[in-house]
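Peer 1: sequence first, then the predicted structure:
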Amino acid sequence: MSISEIEVPRGLSGVIVDTTAIATTDQTGNLVYRGYRAVDLAAKYSFGQIAYLIVYGELPSRSQYSEFEQKILSLSHIDEKYVKLIQLLKESNVLASMRTVTSAIHVEGGDRMEQLLNIAAKFPEIASDSYRIYRNLERIHSEEADMSRRIYLLSTGKDDPERAKFLEKILIMYMEHEFNASTFALRVAASTETDPASAINAALSTLKGPLHGGANSEILSYLLKFKNEEEGIDFVRKKLENKQLVMGFGHRIYKTKDPRAQFIKEELRKLIGETKRFQIADAIENYMWEQKNLPANLDFYGAFYLNEVGIDEPLYTPLFAVARVFGWVAHYLEQSANNKLIRPLSKYVGKTDRKV
Ligand code: COA
């Protein structure tokens, strides 16, 4: 072997594989976007302004913001041929449909930034059409420039600025998280110099898994069925006794508290107050901490929150993608700007010296 071999922990846990200037978790355990705390940004800025920050590195001026919103709106509509593809597929899983449509998207012309934004801008409409066509609902067309308001409208069929603001908070929390699994998959793909649509598709496919973006669907299905705290705790206790995962708990980085989950929990309190269901969720969170030292992650409160905001469950992970795609855009550009093919080694443990 001419190269030196380094063994790292499985799952690359705790391994720094490259640098990034897009996001990090600071020493106080807060998620930071381009130097600003994500929760501080979410309290003051809109989804569109933060998407701009993630992609370009700076918060936009008023004119840059309005230009960005207009650009995203102008790129947001999907061609009839993709609608036909969605109709043909009639795929019950919205994310699976988004994956197929993304792989079919052919973006011509423009630089890499233009091509990436072209795909990102289309995600809300692809998700909406995929969701609605399968359920035999009328497609929705929107010319609303405000991004979170348009996303809310396309997701629910309702123009409700107040609820759209609540949705915006969680979309901001979902937008970026350095080398999470889907972003890392995108960076591996981008490192081969593949095109933006292919790299974004690698990320989408990875996000779909239940240990990543797909966890939130399962969380709601269990959370909604409890009538009181005891039922919730009993369910979780049985899961733990059977050595099963309780979706919505644990995180590779956040070992004591997920700041995004706590932020959304507070937004939830503003939205619905301390209802019975809120108390049940809180009791489960406390129980998991007492028993396993596992904190609630963003998806735990996120699933509950999206339900209260008025989003239908099949759109949870797709909306995660609608937000996270701006992180993927930034990471594609960062990887391409200083590229090195990502190609690790493996330690062979298979059979040896077999005779043919
Ligand atoms: N429920 C029950 N036990 C859990 C758990 C959960 N949600 N998450 C972790 N654990 C346990 C593991 O089984 C392991 O136990 P062990 O030491 O007895 O083997 C221990 O806690 C450490 O977990 P580990 O798998 O090393 O953590 P990780 O950093 O590799 O995994 C996740 C992180 C997110 C993949 C993991 O916590 C998980 O699967 N959570 C559920 C899915 C989820 O909510 N995903 C959304 C993430 S935002």
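Peer 2: Done, it's in. Remember, it's a predicted structure, so these values are computed and weren't measured experimentally.
Peer 1: CA atoms for contacts and neighbours, from now on please.
Peer 2: Fine.
Peer 1: and Ala121, how far from Ile72?
Peer 2: Ala121 sits 5 Å away from Ile72, going by Cα to Cα, to the nearest Å.
Peer 1: flag the shaky bits of the stretch 1-150 of the chain, pLDDT-wise.
Peer 2: 1-2 (pLDDT under 70).
Peer 1: now do 50
Peer 2: Regions of the stretch 1-150 of the chain meeting the criterion pLDDT under 50 are absent.
Peer 1: which residue ranges of it form strands?
Peer 2: With strands called from DSSP state E, counting those that start in this stretch, the stretch 1-150 of the chain shows them at 23-25, 31-33, 36-37.
Peer 1: neighbouring contacts of the last one?
Peer 2: Looking back up the chat, that one is strand 36-37. Strand 36-37 is contacted from outside by Asn30, Leu31, using Cα atoms under 8 Å, 6 or more residues apart in numbering.
Peer 1: which strands border that strand, and is each parallel or antiparallel?
Peer 2: Strand pairing for strand 36-37, determined by DSSP bridges: strand 31-33 (antiparallel).
Peer 1: over to the first one?
Peer 2: According to DSSP bridges, strand 23-25 forms sheet pairs with strand 31-33 (antiparallel).
Peer 1: buried stuff in the partner strand?
Peer 2: Residues of strand 31-33 classed as buried: Leu31, Val32, Tyr33 (neighbour count, 16 or more other Cα atoms under 10 Å).
Peer 1: same thing with stretch 226-234?
Peer 2: Here stretch 226-234 shows Phe226, Glu229, Gly232, Ile233 as buried, counting by 16+ other Cα under 10 Å.
Peer 1: could you do stretch 277-292 as well?
Peer 2: Neighbour-count burial for stretch 277-292 [16+ other Cα under 10 Å]: Arg277, Phe278, Ile280, Ala281, Asp282, Ala283, Ile284, Glu285, Asn286, Tyr287, Met288, Trp289.
Peer 1: quick check: the gap between the closest residue in space to Lys265 that isn't next to it in sequence and the ligand.
Peer 2: The spatial neighbour of Lys265 that comes closest, neighbours along the chain excluded (Cα to Cα, 6 or more residues apart in numbering), is Tyr301 at 6.0 Å. Distance of Tyr301 to the ligand, computed by Cα to the nearest ligand atom, to the nearest Å: 11 Å.
Peer 1: how about the helices in the stretch 151-300 of the chain?
Peer 2: 161-174, 181-191, 196-207, 215-223, 229-241, 259-272, 276-292, 298-309 (DSSP state H, counting those that start in this stretch).
Peer 1: got the angle for the second one vs helix 196-207?
Peer 2: Relative orientation of helix 181-191 versus helix 196-207 (axes from the mean of the first three to the mean of the last three Cα atoms, to 10 degrees): 150 degrees.
Peer 1: residue in the stretch 51-200 of the chain with the shortest distance to the ligand?
Peer 2: Across the stretch 51-200 of the chain, no residue is closer to the ligand than Asn180, which sits at 9.2 Å (Cα to the nearest ligand atom).
Peer 1: that residue: neighbour count?
Peer 2: By other Cα atoms under 10 Å, the residues close to Asn180 number 16.
Peer 1: just the pLDDT at it, thanks.
Peer 2: We have a pLDDT of 97 for Asn180.
Peer 1: go on, Asp160?
Peer 2: 96.
Peer 1: now swap in Gln244 and tell me
Peer 2: Gln244 is given a pLDDT of 95.
Peer 1: do the same with the one 4 residues further on
Peer 2: Listed pLDDT for Gly248 reads 95.
Peer 1: what sits against it?
Peer 2: Neighbours of Gly248 in contact, by Cα under 8 Å, 6+ apart: Ala215, Asn216, Ile219, Ala296, Asn297, Leu298, Asp299, Phe300, Tyr301.
Peer 1: please repeat the previous calculation with a cut-off of 10 Å.
Peer 2: 211-212, 215-220, 261, 285, 294-303 (Cα atoms under 10 Å, 6 or more residues apart in numbering).
Peer 1: on that earlier part again, from the buried residues of stretch 277-292, which is closest to the ligand?
Peer 2: Looking across those and measuring by Cα to the nearest ligand atom, the closest to the ligand is Met288, at 8.3 Å.
Peer 1: quick one, phi psi at the closest residue to Arg252 other than its chain neighbours?
Peer 2: Distance criterion Cα to Cα, 6+ apart; nearest residue to Arg252, sequence neighbours excluded, is Ser13 at 7.4 Å. Ser13 adopts backbone torsions of phi -60, psi 120, taken as degrees, to the nearest 10.
Peer 1: residues near Ser13, how many?
Peer 2: With other Cα under 10 Å as criterion, Ser13 counts 10.
Peer 1: that one and Ala321: what is the separation?
Peer 2: Distance, Ser13 to Ala321, using Cα to Cα: 24 Å.
Peer 1: who are the neighbours in contact with the residue most central in space within the chain?
Peer 2: For the chain, Phe320 is the residue whose C-alpha lies nearest the centre (Cα atoms, centre = their mean; 3.4 Å). Neighbour list for Phe320: 170-175, 204, 207-208, 213-214, 216, 299, 302 [criterion: Cα under 10 Å, 6+ apart].
Peer 1: among those residues, the buried ones, what's the ChimeraX command?
Peer 2: To isolate the buried members of the contacts of Phe320 in ChimeraX, using 16+ other Cα under 10 Å:
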select :170,171,172,173,174,175,204,207,208,213,214,216,299,302
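Peer 1: closest one of the contacts of Phe320 to Ile151?
Peer 2: Nearest to Ile151 among the contacts of Phe320, counting by Cα to Cα, is Leu171 at 9.9 Å.
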